[in-house]
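S.K.: Show me the folded form of this:
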Amino acid sequence: MNRIGIIGVGEIGRAMVDGLCDGTREPPDIHLSPRGARTAAELAGRYPDVRVCADNQEVADRADLVILAVRPQDRTEALDGLRVADDKVVLSVMAGVGVDEVRDLLGTAAPVVRAIPLPAVRERRSVTVTFPSHPVVDAFFDGLGGALPVADEADFAVFSTLTGTLSAHYAYLATLTDWAARQGIPAAEADRYVRGLFQAVGRALGDETRSPRQLAGDHETPGGSNERIRTTWFDAGNAESLTKALDALLTHLR
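M.R.: Predicted coordinates:
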């Protein structure tokens, strides 16, 4: 499909537009809602194939693939009165909102697909979980780093739960930087070192011949510093606490 419509132009909407347009030879026609007006106007000014529509209905009317990227708590107000023709495909990236609810909100018989895109789609390097599998949506995300269709919404909720750990990872890195600064290291130097340290971790994850558990073992020696932190901080109690937090989030999302 060569006509994409995005309703709700926040961080994920912006990332998808960048991934579709930045440095690509034949970007699709992209129609943005005026919701998130500043971001929408900026993207339309940057990319010639992007335009801002008068309202959400115009987005839905002009697009073949209609992407719903509004905040879940705003869905009723943002999508009120919106109608999507049955010959379109609807892609919802609203966390925690099931396929049936999306279809009811829109009053449509069009195919509805859920997805969990991450900001890294702007670099076309992020695998995106989808449900149910649909050729149009899977091809769309294949161009942004890859699609990972799952069997049902229960499995989809598990992947959505994993996605909820991202900010905790960044907070962990911030804690390391803050600790170094308290030891007298200039904050800018601590920040630079921690970023470089974990960018290397990201590159190591590209080696799919080794599991994350194998990578952990390969990065420590018996009695060494890495083993000491892993066994004294990330101990069984810490792991159990994380597991309980994941279980609670999964229950909420389901």
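S.K.: Could you tell me how many residues sit around residue 243?
M.R.: Other residues near residue 243 come to 10 when the count uses other C-beta atoms under 10 Å. To be clear about C-beta, it is placed using only N, CA and C from the backbone, and glycine gets the same treatment.
S.K.: Distance check, it against residue 161.
M.R.: Residue 243 is 11 Å from residue 161, where distance means C-beta to C-beta, to the nearest Å.
S.K.: Can you give the domain ranges for the protein?
M.R.: According to automatic domain parsing, the chain is divided into the following domains: 3-151, 166-253.
S.K.: out of these, deepest packed?
M.R.: For those, average neighbour numbers computed from mean count of other C-beta atoms under 10 Å are highest in domain 3-151, which has a mean of 18.
S.K.: what is the mean pLDDT for that domain?
M.R.: Domain 3-151 carries an average pLDDT of 92.
S.K.: Now do that domain: distance to the chain's middle.
M.R.: A distance of 12 Å separates the C-alpha centroid of domain 3-151 from that of its chain, computed with C-alpha atoms, centre = their mean, to the nearest Å.
S.K.: Endpoint to endpoint, it covers what distance?
M.R.: 28 Å (C-alpha to C-alpha, to the nearest Å).
S.K.: now stretch 224-241
M.R.: For stretch 224-241, the separation between the terminal residues is 25 Å (C-alpha to C-alpha).
S.K.: Distance to residue 157 added to the domains of the chain, as a markdown table?
M.R.: Listed next are the domains of the chain as a markdown table, based on distance: least, C-beta to C-beta, whole Å:
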| stretch | distance to residue 157 |
| --- | --- |
| domain 3-151 | 8 |
| domain 166-253 | 5 |
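S.K.: If we ignore the residues flanking it in sequence, what's nearest the most centrally placed residue in the chain?
M.R.: In the chain, the C-alpha closest to the average C-alpha coordinate belongs to residue 118, at a distance of 2.0 Å (C-alpha atoms, centre = their mean). Taking C-beta to C-beta, 6 or more residues apart in numbering, and ignoring the residues beside it in sequence, residue 118 has residue 126 as its nearest neighbour in space, at 4.7 Å.
S.K.: Tell me who's in contact with the one you found.
M.R.: The contact partners of residue 126, by C-beta atoms under 8 Å, 6 or more residues apart in numbering, come to 117-120, 144-146.
S.K.: Widest-spaced pair of those?
M.R.: Across the contacts of residue 126, the longest distance by C-beta to C-beta is 15.3 Å; it joins 119 and 146.
S.K.: can you tell me the helix or strand for residue 190?
M.R.: Under the criterion DSSP states H and E, the helix or strand holding residue 190 is helix 187-204.
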